[in-house]
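Peer 1: Fold the following.
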Amino acid sequence: MPRMIALVSVLLLATPVFAESFKPVTSRDSFVSLMQNRELTRLGISLTVTPDGRIDGRAFGRDVSGAWRWQSGYFCRDLYWGSKNLGPNCQAVKVQGQTVRFISDQGTGEYADLTLR
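Peer 2: From the prediction side, this is the model:
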């Protein structure tokens, strides 16, 4: 169970992809435009990130809810997975095609790749 919580806290560890091909998302406007009317998906995960600062969806059979804001070039979120509070984290965001990479701890931690649908 602790391992599952760690995986969900970054929305899954990603498979290797060359980081050089990802482009940074550096503004709130760019991020909102990227997310507009789309879902973020990955095996077992489906999330919506709304322009008004909400995160809603499901991951591994549990509801996901939370809030986000753009702060100093980072996607900062507070997240719940079911009743488990995953707490705050500010993440660097990068994009390559339909893949969005979220890198925890202001770009210094683990990353999760999700697909835009």
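
Peer 1: Other residues contacting the helix or strand where S30 lies?
Peer 2: Assessed by DSSP states H and E, S30 sits inside helix 28-35. Contacts with helix 28-35, where a contact means CB atoms under 8 Å, 6 or more residues apart in numbering, come from V25, V49, T50, P51, W70, F75, V93, V95, V100, L116. Every residue, glycine included, has its C-beta placed from N, CA and C.

Peer 1: What about those, which are in strands?
Peer 2: V25, V49, W70, F75, V93, V95, V100, L116 (DSSP state E).

Peer 1: distance of the nearest residue to R38 once chain neighbours are set aside from S72?
Peer 2: Closest residue in space to R38, ignoring its immediate chain neighbours: L116 at 4.8 Å, by CB to CB, 6 or more residues apart in numbering. With distances taken as CB to CB, to the nearest Å, L116 is found 24 Å from S72.

Peer 1: of these two, who's got more company?
Peer 2: L116 (14 against 7; other CB atoms under 10 Å).

Peer 1: got the CA coordinates for the helix holding S30 in PDB?
Peer 2: Extracted C-alpha coordinates of helix 28-35, given in PDB (Å, rounded to 0.1, in the frame of the first residue of the first chain):
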ATOM      1  CA  ARG A  28      -0.200  29.500 -16.600                       C
ATOM      2  CA  ASP A  29      -1.800  30.600 -19.900                       C
ATOM      3  CA  SER A  30       0.100  27.900 -21.800                       C
ATOM      4  CA  PHE A  31      -0.800  25.300 -19.300                       C
ATOM      5  CA  VAL A  32      -4.500  26.100 -19.300                       C
ATOM      6  CA  SER A  33      -4.500  26.100 -23.100                       C
ATOM      7  CA  LEU A  34      -2.900  22.700 -23.100                       C
ATOM      8  CA  MET A  35      -5.400  21.300 -20.600                       C
END
